[in-house]
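In: Turn this into a model:
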Amino acid sequence: EMLRARLSGLGVVAAATLAAQLALPQYEIDMALAGLEGEGYAMRGHFSGTPALEWCERQLLARIHRYTISRLRKEIEPVAAHDFMRFLCEWQRVSKAARGSGPEALANVLAQLEGFEAPAAAWEAELLPARIADYSPAWLDDLCTAGRIAWARLRGAAATAEGGGNRGGSLRATPIALLPRRELALWTRATAGEHDEGPELSSRAQKVAGCLRAHGASFFDELLADAHLLRPELEDALAELVARGQAGCDSFAGLRALLVPASRRPTPGHRRGRRTSLLGIEDAGRWTLARRAAGAAGEGGGAAPAKRDAADAEHVARVLLRRYGVVCWRLLEREAAWLPSWRELLRVYHRLEARGEVRGGRFVAGLTGEQFALPEAVAALRQVRRRAADGEALVVSANDPLNLAGTVLPGAKVPRLAGARVLYRDGIAQAALVAGEFQALATLSADDEQAFRRALLREPDPFDFAAMVPTPA
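Out: Here you go, the predicted model:
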C-alpha cells in the first residue's frame, strides 16, 4: 500500500529510488512492485529512455503518454500545399536532383510504388523513367525472374473487347501493379471481393487456361504445342487472360511483348542485340495461371470475399506511408477504391503513433482530417519549407501517384487518361495535356505557355543544343 501511494504521486520512478526513499531492502520493493503489476495497477518499462528498469502507475502512464503525443503534435508547423508537392516530388524521386540511377534505385522505387495500379503501358513509358534517369527494361526483367518482383492485375475484370481481342487498347489500359512477390498473396487477399467475373472467356482463352491448369507453368513454345493455336491466336488468348487478371508470367518481358505492336516485334529465330530480345515473347519465361484463377471452380470464377486481416491493413498502411511520407484521407482519394477504408487505416495509424513509429499532427495546411507522417518525412518537410523555390518544371503522367491536381492542390482535376500529363512548377500545377489538348491550370505568360506546351508534348527545346546530339546506339 505504501508503494501504491508512492506510484500515484511520483509518476515514472526506478525501483532503486523507491528502495532508497523508503529505506527498505530492494528485494521487498521488487516483490511488492510485482504484486502491483499482477493486479494491473503498475507497469514496468524503459519510459524515460534510461537503461534502468522503471515503474509507473498505469493510468498515470496513459496520461503522460497522451500529453506527450499532444505536445509532439503542437510542435508541428504545417507547410503550404505547394511546398508539400515539392516535398513529394523529391520523396518519390521525380525531381531531377533526386532521381535514381541503376538497378538498386529501381528496387527502391518499386518498394514505394508497391500495390499502386497503373495502366500496363504506362509503367515503362511514364512512371519508371520519370524516377530512374537511366532506366533499362532489363533491370525490371531481372528483378522479376529473380523472384523479387511480380506483376499482376489485382482485380479481375471483364474484357472490353468482344471475342478476346485484348492485345490492343484494352490490354494497354489494363491496371497492373508491381509488388514484391512475397506480398502477392497479401494483396490478392486485399482484393478478394473485387473480382468481376464478367462475360465468359473466349474459346481460345479457355483452351490456354485449360492447358495451364493441366500442365502447370509453361513456356510460350510449349503452349503453342499444347493448345494447337497459331502464334497470333495464342498471343490474343494470353492477352485476354492477362486483361482478366487470370494469368501472369515470370518476367515483365511477357507483358511487354503483348503490348508491343506486331510490326515492331522480332521474328522468331532472329536476335539482334539485347534490346531486340527484350521484345520477344519467347524470352518471357513461363506463363502460369493466377492462384485465384487456378483455384476457381469455373473458367471465369472469382475468389470469394474474405474478411480483411488486421496485419494486412497494417501492411497497406505502412506502404502508403512509404509512398507519400505523409498521409491523410484527402491524399488517398485517388488511390485504389479497394484499399482499406480511412476508418480502418486510422486505427492502424493511431496504434503506430502510440508506439512512436509515426508522428501525428497538422503537416499540410488546408487539408482537413487527421494527418500522419514518418519521422524522416517530417525532417524533409522542414528542409523543403526553408529552401527557396528553384523554378524547376516537372512533367508527370496523369496516371502517376503524383497527379494530385484538384485533390491536395487547388484547381481542376486532371483525368487519368492514356497520354494525359500534368506539369508542375515549384509545386503548383501549371498546365496539363488531356486528349492531345493543352490546358492551362494557372495564369501563364506567352513564353511559359510555349515552353510548357513543348514540355507536355515531349518536344525538344529549340535552344537546348546538347539535347540535339544523337545518343550512340
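In: Quick one: residues contacting the closest residue to Arg359 other than its chain neighbours.
Out: Spatial nearest neighbour of Arg359, excluding adjacent residues (CB to CB, 6 or more residues apart in numbering): Ala373 at 5.1 Å. Any C-beta I mention is one placed from the backbone N, CA and C, and that applies to glycine too. When contacts are counted by CB atoms under 8 Å, 6 or more residues apart in numbering, Ala373 touches 321, 325-327, 358-361, 363, 381.
In: got the CA coordinates for the helix or strand where Ala451 lies in CSV?
Out: Element membership of Ala451, judged by DSSP states H and E, is helix 446-456. Below are the C-alpha coordinates for helix 446-456, written out as CSV (Å, rounded to 0.1, in the frame of the first residue of the first chain):
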residue,chain,number,x,y,z
ALA,A,446,3.1,33.6,-73.6
ASP,A,447,6.7,32.3,-73.1
ASP,A,448,5.7,30.0,-70.3
GLU,A,449,2.8,28.7,-72.3
GLN,A,450,5.0,27.9,-75.3
ALA,A,451,7.7,26.2,-73.1
PHE,A,452,5.1,24.2,-71.1
ARG,A,453,3.4,23.1,-74.3
ARG,A,454,6.7,21.7,-75.6
ALA,A,455,7.4,20.0,-72.3
LEU,A,456,4.0,18.3,-72.2
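In: Asp134: what's it in contact with?
Out: Here Asp134 is in contact with 101-102 (CB under 8 Å, 6+ apart).
In: how near is the closest residue to His46 other than its chain neighbours to Arg204?
Out: Once flanking residues are discounted, His46 sits nearest to Glu54: 6.4 Å by CB to CB, 6+ apart. Distance, Glu54 to Arg204, using CB to CB, to the nearest Å: 70 Å.
In: go on, Asp142?
Out: For Asp142, the distance to Arg204 - CB to CB - is 31 Å.
In: Please say which of the two ends up with more neighbours.
Out: Arg204 (20 against 16; other CB atoms under 10 Å).
In: Just give me the closest of the contacts of Ala373 to Arg416.
Out: Val327 (19.9 Å; CB to CB).
In: Do I have it right that that closest one meets Leu321?
Out: Yes. Using CB atoms under 8 Å, Val327 is in contact with Leu321, at 5.8 Å.
In: Comparing those two, which residue is more hemmed in?
Out: Val327 (25 against 21).
In: does the more buried one have beta-bridge partners, and which?
Out: Phe372 (DSSP bridges).
In: Enumerate every residue touching it.
Out: 317, 320-321, 345, 349, 371-373 are the contacts of Val327 under CB under 8 Å, 6+ apart.
In: Can you tell me how far it is from Gly369?
Out: For Val327, the distance to Gly369 - CB to CB - is 10 Å.
In: Ser101 now?
Out: For Ser101, the distance to Gly369 equals 37 Å [CB to CB].
In: Need the pLDDT of the residue sitting nearest the centre point of the chain.
Out: Centroid check for the chain by CA atoms, centre = their mean gives Leu113 as the closest residue, at 3.0 Å. For Leu113, the model assigns a pLDDT of 96.
In: And Pro199, by the same measure?
Out: 72.
In: what sits against Leu22?
Out: Leu22 neighbours (CB under 8 Å, 6+ apart): 2, 6, 29.
In: Most neighbours among the residues you listed, please name it.
Out: Highest neighbour count within these, by other CB under 10 Å: Ile29, with 21 neighbours.
In: Double-check that that residue belongs to a helix.
Out: Yes. Applying DSSP: H, G, I helix; E, B strand; the rest coil, one finds Ile29 inside a helix.
In: secondary structure element for the residue lying closest to it once chain neighbours are set aside?
Out: Using CB to CB, 6+ apart and skipping residues adjacent in sequence, the residue nearest Ile29 is Ala19, 4.6 Å away. Ala19 belongs to helix 15-22 when assigned by DSSP H and E.
In: Averaged pLDDT, that helix. What do you get?
Out: The model assigns helix 15-22 a mean pLDDT of 87.
In: got the buried residues for that helix?
Out: 15, 18-19 (16 or more other CB atoms under 10 Å).
In: do the same with stretch 445-459
Out: By neighbour count with 16+ other CB under 10 Å, stretch 445-459 contains the buried residues 448, 451-453, 455-456.
In: so which of the residues you listed comes closest to Leu178?
Out: Leu456 (25.5 Å).
In: Does the residue nearest to Ile29 touch Pro25 like I think?
Out: Yes. Ala19 lies in contact with Pro25 (CB under 8 Å); the separation is 7.1 Å.
In: pretty sure Arg427 is touching Ser95, no?
Out: Residue 427: Gly, not Arg. No. Using CB under 8 Å, Gly427 makes no contact with Ser95, being 10.2 Å away.
In: Show me whatever sits in contact with both of these two.
Out: Residues within reach of Gly427 and of Ser95 at once, by CB under 8 Å, 6+ apart, are 86, 89.
In: From Leu212, how far off is the residue nearest to Ile29?
Out: Counting by CB to CB, the gap from Ala19 to Leu212 is 71 Å.
In: re earlier: tell me the spacing between the residue nearest to Arg359 and Glu235.
Out: 46 Å.
In: which residues sit in contact with Ala80?
Out: Ala80 touches 364-366, counting by CB under 8 Å, 6+ apart.
In: who wins for neighbours among those?
Out: Greatest neighbour count in the contacts of Ala80, by other CB under 10 Å, goes to Val364: 21 neighbours.
In: Phi first, then psi, for that residue.
Out: Main-chain dihedrals, Val364, degrees, to the nearest 10: phi -120, psi 120.
In: How about the secondary structure of the closest residue to it other than its chain neighbours?
Out: Distances taken as CB to CB, 6+ apart place Phe84 nearest to Val364, at 4.7 Å, with adjacent residues excluded. Judged by three-state DSSP, the three-state class of Phe84 is helix.
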